[in-house]
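**Q** Take this sequence and fold it.
(chains A and B)
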Amino acid sequence: MSLPVEIVVALLVWGTLVGVDLVSLPQMMIARPLVAGTVAGAILGDIETGLKLGVVFELLQYDILPVGSVRYPEYGPATVAAVTTAHASSGVLGLGLGALVGLVTGLIGGIAIHLLRRVNSRVVHAAAATLESGDPRALVRLHVGALLRDGIRAALVTAVGLGLAWIARPLLAGVVSQRDATLLAVAVVGSSLAAGAAGTLRLVGRGPNLAWFAAGLGGGIVVAAWLR
Amino acid sequence: MAAVRFALARALLRLFSVQGSYNYERMMGVGVGVAEEPLLRDLADGRYRPAVARGAHFFNAHPYLVGLAVGAAARAEHDGAGPDQVERLRDALCGPLGSLGDRLVWAGWLPFLSGLTLVAIALGAGWVAVAAFLIVYNVGHVALRWWALQAGWAHGAQVGVALHHPVLQKAGTLLGPAMACAVGAALPLTATYLVAPFPAWARLSVVVTAALGYVALRWRAGRLTGLQLALALAAGALAAGWLWP
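**A** Numbering: from 1, shown residues only, chains lettered A, B, ... in the order given. Below you'll find the predicted structure:
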């Protein structure tokens, strides 16, 4: 059940990059669960599991609108941890437990972002006089220091997630029954679809876009039925 | 001219980390100051440092459009605007840049492409869909950042004109319906994709759980998040599995 060291290191590096991308640098959306999960799956040699969990957490991501200084969970490193857990067992068995590990990691990541912002506030407050002097070197130093802190934060969150995955993976080898794993998967997939729908409808509102949403939903149902 | 383009390029690179020092006191102000600094270097000695200090004051807006404020404030400093004028310009840009960026990107371009990617994955496109998402999204992302910085620099204190650019207006009109349609289509298709390996009773349970979860999220809007719902339901599922003989 243990992974080779080079795979763990690659996952840690990827999770850190994903964590930094969310807010700090460069916001190119590798932090999006679809991307984070697929690449984590590729690192583990299991892209299908990466895609599945990427889709689950992408739906949960719709619940978040990162405006102002709103607090939100961090689903990028969470998806990496989830895929690492689920990779131990294919199908429904890995999906539920993997997602649970990801949810806990996402919660921890959100708390870590809030704590980092508080630390940054203190640092900026303490450096107020230097900033008011207009010293460009001090300004850049302060900014780079905060970037490094976010890198360390993202690495720690990913490490915690991979640690949880390391604890959870053996459970898939017999401790968790197929029925229990299915119940867990039902809960996670159901809530992700609910969050995806609620988050989208919050963006869509009650104006003319609601008709477009209904048209898309209808089209999706028709295609899904046709494919069956 | 070459020196200006070089300074703009440096500012653009720095803009990619504009939220790197995000905090509850100055929000992204420090990052804005860092991004603006290359554009202020050719100011006279007595004006450079005060301008750098002003650049790092409180600022909050959408990160992709903040270049408009960076370029406009730097240009205003070059045009000899007073400290109060520059501060007022920055204050006036926070709200419009935030709401425009949220509407165009967070509630438009990003969920639109994400929805299309979910549809493509559900239809079997696999990792290729994810790669296409990343490329197409970032073409728009980088173009928007570059346009914003250049427009801010070109218009200076009159930057409000840039916010009424026809492409932005058209994009705002088109992206809302496109996003709604794409994500609407993605929901049933991803549901089918995710439950494919489930037994029949579990598929029905997913539909019921999703419906009840949706009602709970709407009913407790603002107090119940998707993460809390998912964790509560997962805990319930574990308890049910433990109690069920």
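**Q** Determine if any part of stretch B:115-122 is in contact with chain A.
**A** Yes - Stretch B:115-122 reaches chain A (C-beta under 8 Å from any C-beta of the partner chain) through B:Gly115, B:Thr117, B:Leu118, B:Val119, B:Ile121, B:Ala122. All C-beta spots, glycine's among them, are computed from the backbone N, C-alpha and C.
**Q** C-alpha coordinates for that stretch, PDB please?
**A** Output in PDB follows, covering the C-alpha atoms of stretch B:115-122 (Å, rounded to 0.1, in the frame of the first residue of the first chain):
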ATOM      1  CA  GLY B 115     -18.700  23.400 -17.600                       C
ATOM      2  CA  LEU B 116     -17.600  22.600 -21.200                       C
ATOM      3  CA  THR B 117     -14.700  20.500 -19.800                       C
ATOM      4  CA  LEU B 118     -17.000  18.600 -17.500                       C
ATOM      5  CA  VAL B 119     -19.200  17.800 -20.500                       C
ATOM      6  CA  ALA B 120     -16.200  16.700 -22.500                       C
ATOM      7  CA  ILE B 121     -15.000  14.400 -19.800                       C
ATOM      8  CA  ALA B 122     -18.400  12.900 -19.200                       C
END
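**Q** ok, and what's touching it?
**A** A:34, A:51, A:55, A:58-59, A:216, A:220, B:128-130, B:132-133, B:179, B:182-186, B:189-190, B:192-193 (C-beta atoms under 8 Å, 6 or more residues apart in numbering or on different chains).
**Q** Now, those that are in helices?
**A** A:34, A:51, A:55, A:58-59, A:216, A:220, B:128-130, B:132-133, B:179, B:182-186, B:189-190, B:192-193 (DSSP state H).
**Q** And the buried ones among those residues, selectable in ChimeraX?
**A** Filtering the ones in helices among the contacts of stretch B:115-122 down to the buried ones (16 or more other C-beta atoms under 10 Å in any protein chain shown) takes a single ChimeraX command:
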select /A:34,51,55,58,59,216,220 /B:129,130,133,179,182,183,184,185,186,189,190,192,193
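**Q** could you give the mean pLDDT of the host helix or strand of A:Gly37?
**A** A:Gly37 belongs to helix A:33-44 when assigned by DSSP states H and E. When pLDDT is averaged over helix A:33-44, the result is 98.
**Q** what's the answer for stretch A:120-127, then?
**A** 97.
**Q** And chain B, is that stretch touching that?
**A** Yes - using C-beta under 8 Å from any C-beta, stretch A:120-127 reaches chain B at A:Asn120, A:Ser121, A:Val123, A:Val124, A:His125.
**Q** likewise stretch A:135-151?
**A** Yes - using C-beta under 8 Å from any C-beta, stretch A:135-151 reaches chain B at A:Asp135, A:Pro136, A:Leu139, A:Val140, A:Leu142, A:His143, A:Val144, A:Gly145, A:Ala146, A:Leu147, A:Asp150.
**Q** for chain A, longest helix please?
**A** Per DSSP H, chain A has its longest helix at helix A:92-126.
**Q** wait, what's in contact with residue 27?
**A** You didn't say which chain, so I picked chain A. Contacts of A:Gln27 (C-beta under 8 Å, 6+ apart): A:Asp21, B:Phe16, B:Gln19, B:Pro63, B:Tyr64, B:His141.
**Q** Chain B was what I was after
**A** Contacts of B:Met27 by C-beta under 8 Å, 6+ apart are A:Ser69, B:Phe58, B:Phe59, B:Asn60.
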